[in-house]
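Q: Sharing a model prediction with you, sequence too.
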Amino acid sequence: MGRYYAAIGIPPSATLDERIRVLFRPGAMYLYNPEPMGTLIERQMRQMSSDIRSKSDWMETINDADTRAGWAAEAKAMGSTDAEFAYVLDELAYYASLHPPGSNVRFSAADGVWFSDTLIDAETTNKFKNYAAILERVPDRQKDWYPNDRSRVLNLIDPSLFPLIYSRSKLCRQTGTSPQAALRIEDAGEFPRSLEGWRKALNITGDGESAYYIPIGIMQYGSYPSKEQCWLPSEFRVDNNRAVTIESYINNLHPIKHAALYPVIARVFSKFLPLLEQVVTDLVHPHPPRVKADPSKYYISAPPPGEGDDDYEEFEPWRRRALIDIPKPEPFVAPTRPVNPYKLCGRRLQAVVKMSSIELTSKRPIYGGEDWSVAGLDNERIIATGIFLYDVVNIAPSSLQFRETLGSSFMVDQFDIDAVVNVYGIEHDKLVEGDRASQELGSVGIKDGRCLVFPNVHQFKVPELKLADKTKPGHCKMLTFYFVDPSTRIPSTEIVPPQQ
């Protein structure tokens, strides 16, 4: 991992903010994936670890001899070796050590995803549901149904409506420090008229020292920044005790008409901080690969030397006979990750807020799910996503899914294709065709009241949802926070007045 940090320009002495800023600079996470491609054995070990972590009491029973014996039997039935199981047990003990006594924050069955089922108390949840219901009680013509799934996905707060438009939006330098202040703006403001105009108006230079981030132009790699628009985050003030105050309006949530919802959202946001802190800490102190593969050692014996056009005729018979050296796990070594996570207290954070409801009925009992995606574009600087499943009723068991993908096609020498298929378990056709390779990271069950946060380097997917009882309606309602990189600021509702 030290080589990865060096490759993208992070010195060993860098602070956490500096590491985050470089990790999430435009294109960086796509050019250099912090998680190396996992071998087939690593994926099997990951699945073994995930299966154990999916048990609700795994942290309480990890040191119980009978429990371990049961897990060992399950692992052996899956074809795992003693060395692989020993590694997973040591890794699980390390994960358990990251949870302080009495903590309600847990490392999920999906790598890199943290969750809790008891984060939001019943009083806050009920208040939130009651106020959220007001957003649903609008005339049908005013409802914001997702265009590709009409009558299934209802957007209650949609950040894609009335975003910052570089060519049209107004810049006001003093809007105050409350959601309502933006409605009382006396400043005439200005219209920068272009992306470059916004850069000049906010005194953004190329040295990265400005208070705000706006992209210079289109990147060659990665999730491209938009030259036309950007989500508008809100300002969340976090005090030293993790109490949160919202200091600018939430885009598309009227700060007076829905004023009662603001402090409830602030309280929910405050409860998400321990999850976000763990995710950010994992990003700057990533887990090393469980199994290290060396391409120079794919084969146990060396290929015959040769030059010229006849090499293939000499190489092919050897390749068919050659034994492939499948890499094995070394003993587990804990990452150099601090036990106490990166703290976000005493800071002003930015986040984009979204609320949506997947509505199913006996006539429309199935939601088709979503495509794999990451949140936002480069200019929106989303570092992590937090989801509060605040109201799940009559939905058949299902899970949110996660995977990782390489930043570019997995390039393989034609003579190494068979070895890579065996070592990594990648489909032969994908290697021949040069497709992007991806690997599953696991899933987290959809459960009423569950909160989870995951890094925005994971691809995420809401799966197909069905009614548990087809004779009754059901729904899955979510509050989503898209957390902006805490080391960087982007234009927010603090300086862009309401555009509705």
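A: Nice, I can see it. Numbering: from 1, shown residues only.
Q: top strand in the protein by residue count?
A: Counting residues, the longest strand found in the chain (DSSP state E) is strand 347-360.
Q: Let's test this: mean pLDDT of it, rounded?
A: Mean per-residue pLDDT for strand 347-360: 94.
Q: Please renumber the chain so that the first residue is 39 from this point on.
A: Yes, from this point I'll number from 39; that puts the last item at strand 385-398.
Q: Pull up the pairing partners for the helix or strand following that strand, direction included.
A: Sequence-wise, the next helix or strand downstream of strand 385-398 (DSSP states H and E) is strand 404-405. Strand 404-405 pairs in its sheet with strand 503-504 (antiparallel), by DSSP bridges.
Q: in its sheet, what does the longest strand of the chain sit against?
A: Partners of strand 385-398 in its sheet, by DSSP bridges: strand 191-195 (antiparallel), strand 272-276 (antiparallel), strand 512-522 (antiparallel).
Q: Lys423 sits in which helix or strand?
A: Heads up, residue 423 is Thr, not Lys. Short version, using DSSP H and E: Thr423 is in strand 420-431.
Q: buried residues in that strand?
A: 420-430 (16 or more other CB atoms under 10 Å). (Each C-beta comes from the backbone N, C-alpha and C, glycine too.)
Q: Going by distance to Ser87, which of those wins?
A: If you rank those by distance to Ser87 using CB to CB, Ala422 comes first, at 21.6 Å.
Q: Report the separation between the closest one and Thr156.
A: Ala422 sits 21 Å away from Thr156, going by CB to CB, to the nearest Å.
Q: can you check Pro271 too?
A: Relative to Thr156, and taking CB to CB, Pro271 is found at 28 Å.
Q: Compare those two and say which one has the larger neighbour count.
A: The neighbour comparison of Pro271 against Thr156 (other CB atoms under 10 Å) goes to Pro271, with 29 against 13.
Q: so the more buried one makes contact with Ile533?
A: No: taking contacts as CB atoms under 8 Å, Pro271 lies outside contact range of Ile533: 11.2 Å.
Q: Need the pLDDT of the closest residue to Ser530 other than its chain neighbours.
A: Spatial nearest neighbour of Ser530, excluding adjacent residues (CB to CB, 6 or more residues apart in numbering): Pro271 at 4.8 Å. Reported pLDDT at Pro271 in the predicted model: 95.
Q: residues in contact with Pro271?
A: Contact analysis of Pro271 by CB atoms under 8 Å, 6 or more residues apart in numbering lists 388-390, 520, 522, 528, 530-531.
Q: got the residues you listed as a markdown table, with neighbour count columns?
A: Below are the contacts of Pro271 laid out as a markdown table (neighbours: other CB atoms under 10 Å):
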| residue | neighbour count |
| --- | --- |
| Gln388 | 25 |
| Ala389 | 26 |
| Val390 | 28 |
| Tyr520 | 22 |
| Val522 | 26 |
| Ile528 | 21 |
| Ser530 | 25 |
| Thr531 | 25 |
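Q: which one of these is nearest Ala298?
A: Distances from Ala298 to these, taken by CB to CB, are shortest for Thr531, at 18.5 Å.
Q: do you know how far the nearest residue in space to the closest one that is not next to it in sequence is from Phe274?
A: Spatial nearest neighbour of Thr531, chain neighbours left out: Ser286 (4.2 Å); criterion: CB to CB, 6+ apart. Going from Ser286 to Phe274 by CB to CB gives 9 Å.
Q: Now the terminal residues of stretch 91-111, how far apart.
A: 16 Å (CA to CA, to the nearest Å).
Q: what residues does stretch 80-98 touch?
A: 76, 99, 109, 112-113, 116-118, 122-123, 125-126, 129-130, 133-134, 137, 144-149, 327-329, 367, 463, 477-480, 483.
Q: Quick one, which of the residues you listed are buried?
A: In the contacts of stretch 80-98, the ones that pass as buried (16+ other CB under 10 Å) are 76, 109, 113, 118, 122-123, 125-126, 129-130, 133-134, 144-149, 327-329, 367, 477-480, 483.
Q: pLDDT at the nearest residue to Pro217 once chain neighbours are set aside, what is it?
A: Nearest residue to Pro217, sequence neighbours excluded (CB to CB, 6+ apart): Pro293, at 3.6 Å. As predicted, Pro293 sits at a pLDDT of 92.
Q: correct me, but Pro293 touches Tyr287?
A: Yes: counting by CB under 8 Å, Pro293 touches Tyr287, with 4.3 Å between them.
Q: Which residue of these two possesses the greater neighbour count?
A: Taking other CB under 10 Å, Pro293 and Tyr287 do not tie; Tyr287 has more neighbours (28 against 20).
Q: circling back to that earlier point, identify, from the buried residues of strand 420-431, the entry nearest to Val412.
A: Ile420 (7.9 Å).
Q: Need phi/psi at the spatially closest residue to the closest one that is not a sequence neighbour.
A: Leaving aside its chain neighbours, Ile420 sits nearest to Gly414 (4.0 Å; criterion: CB to CB, 6+ apart). Gly414 adopts backbone torsions of phi 70, psi -180, taken as degrees, to the nearest 10.
Q: again, but for Asp178
A: According to degrees, to the nearest 10, Asp178 has phi -50, psi -40.
Q: neighbours of it, just the number please.
A: 6.
Q: where's it relative to Tyr405, distance?
A: 19 Å.
Q: Then Asp128?
A: 40 Å.
Q: same question, Phe153
A: In terms of CB to CB, Phe153 sits 22 Å off from Tyr405.
Q: list the contacts for the residue nearest to Asp155 when sequence neighbours are not counted?
A: Take Asp155 and drop its neighbours on the chain: the residue closest to it by CB to CB, 6+ apart is Arg488, 5.3 Å away. Counting by CB under 8 Å, 6+ apart, Arg488 makes contact with 153-155, 426-427, 482.
Q: 10 Å instead?
A: Applying CB atoms under 10 Å, 6 or more residues apart in numbering, we find Arg488 in contact with 146, 153-158, 425-428, 430, 438, 482.
Q: Out of the residues you listed, which is nearest to Lys510?
A: Taking the contacts of Arg488 together and measuring to Lys510 by CB to CB, the closest member is Val430, at 13.7 Å.
Q: Which pLDDT does the model give that closest one?
A: pLDDT at Val430 comes out at 96.
Q: and it, bridged to which residues?
A: Cys514.
Q: Wait, it touches Lys515, no?
A: Yes: counting by CB atoms under 10 Å, Val430 does reach Lys515; the two are 7.2 Å apart.
Q: Residues that sit against both of these two, list them.
A: What both Val430 and Lys515 touch, as defined by CB under 10 Å, 6+ apart, is the set 396, 486.
Q: thinking again about what came up before, now the angle between strand 420-431 and the longest strand of the chain, please.
A: Angle, strand 385-398 to strand 420-431, by axes from the mean of the first three to the mean of the last three CA atoms, to 10 degrees: 40 degrees.
Q: Can you mark which positions in strand 385-398 are buried?
A: 386-398.
Q: Dump those residues to a markdown table, plus distance to Val318.
A: Compiled in a markdown table, those are given as follows (distance: CB to CB, whole Å):
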| residue | distance to Val318 |
| --- | --- |
| Arg386 | 16 |
| Leu387 | 11 |
| Gln388 | 14 |
| Ala389 | 13 |
| Val390 | 17 |
| Val391 | 19 |
| Lys392 | 20 |
| Met393 | 24 |
| Ser394 | 25 |
| Ser395 | 29 |
| Ile396 | 29 |
| Glu397 | 34 |
| Leu398 | 35 |
